[in-house]
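[1] Curious how this folds, go ahead:
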Amino acid sequence: MKKKSKLEKKILTDNEIKSVGDAVKEFMGGDLVEYAESLGLNFEDTIRFHGVTSKCIEARESKQLSIKDVSQKLKIPQYKLKFVEKGSIKNIEPQILKSYIDFLGLSNWFKSWLKSNPKFKKDYLDL
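    Numbering: from 1, shown residues only. Next up is the predicted model:
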């Protein structure tokens, strides 16, 4: 049986994301969770978007490209690409994300991800 590459990982379901989010919150404890949420951190959205960040990093590295290389090719500042790879959701510009996804050859996967995450798309990505 052929082993799946890292790039073929499945997209998490809402229930899986909720379970992970609950576990993270329990591990962190109430005060830290309250503080993180007061800063605008949404645990479930961060966990949900982690799949995108992982795919981007894996795809970029599989092409043996640095952030600087991609920045030069796409004419996008490095810090904006780093927002994507670090999952800084509120700082990501939708068009930059789309350009990066297309460049990495992840368009079909990302369409599936968006279909599985319609609320995320509506709240953050105006694509």
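
[2] so where's the chain shaky on pLDDT?
    Under the criterion pLDDT under 70, the flagged ranges of the chain are 1-9, 126-127.

[3] for the lengthiest helix in it, packing partners?
    In the chain, taking DSSP state H as the definition, the longest helix is helix 43-62. Counting contacts by 3 or more CB pairs under 8 Å, 6 or more residues apart in numbering; DSSP states H and E, helix 43-62 packs against helix 14-28, helix 30-38, helix 78-86, helix 94-104, helix 107-116, helix 118-120. In short, each C-beta sits where N, CA and C put it, glycine included.

[4] distance between the fifth one and the chain's centre?
    Once both centres are worked out by CA atoms, centre = their mean, to the nearest Å, helix 107-116 turns out to sit 12 Å from its chain's centre.

[5] sorry, back to before: quick one: buried residues of the next helix or strand after the longest helix of the chain?
    Moving toward the C-terminus from helix 43-62, the next helix or strand (DSSP states H and E) is helix 67-74. For helix 67-74, burial by neighbour count (16 or more other CB atoms under 10 Å) applies to 67, 70-71.

[6] Could you export the helices and strands packed on helix 43-62 as CSV, including distance to Thr53?
    Supplementary listing: those in CSV, determined by distance: least, CB to CB, whole Å:
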stretch, distance to Thr53
helix 14-28, 14
helix 30-38, 18
helix 78-86, 5
helix 94-104, 10
helix 107-116, 11
helix 118-120, 13
